[in-house]
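Novice: The following block contains a protein sequence and its predicted model.
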Amino acid sequence: MLFEGSRTARRLALSGKFLRLAGQSLREEIERRFDDFVPYLMIVFAFWMVCLVEWTQQIAGEHPGPKFWMFLSALVTLYGGFRAFRLYPQLRNLRFGEQGERRVAEILDRLRSKGFIVFHDLVGKDFNIDHVVVGPSGIYAIETKNRSGSGAIEYPSDDELIFGGRIKDGWPLRQARGAAWTVHDELKTHSQEYRYVKPLVVFVGNWRVHRHAGDFAADVITANQLENYFDWQQPELTRGEIARISSHLEHFART
């Protein structure tokens, strides 16, 4: 009887929705954009096949008019090339972002042995949350950025990061705060857990962060600092609280 019950529970678990993987939203976006582009490739191929048949007939001694089809094939090829030219940098950036999320996920997964629970790619209303971590030191919403280049990232205020002393960008900070608020609101609405969620921005690549003095809402670190970052935090949650919060977030992660 126990064996049958175990089999039933196992079937129920397998029939439910799976937890999402790191970078899954970016992978899905890459596949969607590529799928949108495939019809253009098929159209180009079809036009050139017609053109090839027409030329073959003319070489064989018949008198078709391949020039018209060649002209159309050239136009379709130019348009397809224009679409590919625009698509390539988008796919490159998406793959770059996916690699960053997977790199951070590898580091976060090592925290499980320290009592942390990690969720990847939680889908919100208008955006996805790269990672959510629940552990002894609290709840964290992590925004991952795999940014090209290298050098120093200045963090002078709550609304601004400066890359290499030149480029100003506050979007990663706003994304991290928005992700933290989404997790906070989810816990408050569906589980009556009024918990502070800490926004955290993690940069992958050859960057180093210089934070100015001040009490900022979000922390900004590099991937190399990530594992030690959690070791530096003070304990806040008990095992029971971690389990309860993680249970609610797991439901959120499967929706």
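Specialist: Done, it's in. Residues are numbered from 1 along each chain as shown.
Novice: For Ile117, name its beta-bridge partners.
Specialist: Val134 (DSSP bridges).
Novice: give me every residue that touches it.
Specialist: Listed by C-beta atoms under 8 Å, 6 or more residues apart in numbering, the contact set of Ile117 reads Val133, Val134, Gly135, Ile242, Ser246, Leu249. Glycine gets a C-beta too; all of them are placed from N, C-alpha and C.
Novice: how close does the fifth one get to Arg166?
Specialist: Spelled out, that is Ser246. 41 Å (C-beta to C-beta, to the nearest Å).
Novice: Give me the more crowded residue out of these two.
Specialist: Ser246 (19 against 7; other C-beta atoms under 10 Å).
Novice: thought that one was touching Val133?
Specialist: No. Applying C-beta atoms under 8 Å as the test, Ser246 and Val133 come out as separate, 10.0 Å apart.
Novice: that older thread, out of the contacts of Ile117, which comes closest to Phe216?
Specialist: Val133 (18.9 Å; C-beta to C-beta).
Novice: per-residue pLDDT, the closest one?
Specialist: As predicted, Val133 sits at a pLDDT of 95.
Novice: Am I right that it is in contact with Gly115?
Specialist: No. Using C-beta under 8 Å, Val133 is not in contact with Gly115, being 11.0 Å away.
Novice: Settle it for me: which of the two has more neighbours?
Specialist: Set side by side, Val133 and Gly115 show more neighbours around Val133, with 22 against 14, by other C-beta under 10 Å.
Novice: Where do the strands of the stretch 51-200 of the chain begin and end?
Specialist: With DSSP state E, counting those that start in this stretch applied, the stretch 51-200 of the chain shows strands at 117-123, 128-135, 138-157, 160-163, 167-169, 197-211, listed in chain order.
Novice: wait, which of those is closest to Arg86?
Specialist: strand 138-157 (19.2 Å).
Novice: Now do that closest one and strand 117-123, the angle between them.
Specialist: Relative orientation of strand 138-157 versus strand 117-123 (axes from the mean of the first three to the mean of the last three C-alpha atoms, to 10 degrees): 70 degrees.
Novice: Tally up the residues packed near the nearest residue to Pro235 once chain neighbours are set aside, please.
Specialist: Nearest residue to Pro235, sequence neighbours excluded (C-beta to C-beta, 6 or more residues apart in numbering): Pro136, at 4.7 Å. The local packing of Pro136 (other C-beta under 10 Å) involves 17 other residues.
Novice: try the one 10 residues further on
Specialist: Neighbouring residues of Asn146 were enumerated by other C-beta under 10 Å; the total is 20.
Novice: Name all residues that make contact with the closest residue to it other than its chain neighbours.
Specialist: Nearest residue to Asn146, sequence neighbours excluded (C-beta to C-beta, 6+ apart): Gly100, at 2.6 Å. Taking C-beta under 8 Å, 6+ apart as the criterion, Gly100 is in contact with Thr144, Lys145, Asn146, Val204, Gly205, Ala223.
Novice: now Gly100: how far from Leu237?
Specialist: Taking C-beta to C-beta, one finds Gly100 at 28 Å from Leu237.
Novice: same question, Leu78
Specialist: Where Leu237 is concerned, Leu78 sits at a distance of 59 Å (C-beta to C-beta).
Novice: Compare neighbour counts for the two and give me the winner.
Specialist: It is Leu237, of Leu78 and Leu237, that has more neighbours when counted by other C-beta under 10 Å, with 18 against 11.
Novice: Distance of that one relative to Ser246?
Specialist: 10 Å.
Novice: Find the residues that touch each one of the two.
Specialist: Jointly contacting Leu237 and Ser246 under the rule C-beta under 8 Å, 6+ apart are Val134.
Novice: if I look at the nearest residue to His212 once chain neighbours are set aside, how far off is Gly170?
Specialist: Distance criterion C-beta to C-beta, 6+ apart; nearest residue to His212, sequence neighbours excluded, is Pro156 at 4.7 Å. The gap separating Pro156 from Gly170 is 11 Å, by C-beta to C-beta.
Novice: Kindly report the same for Arg112.
Specialist: 32 Å.
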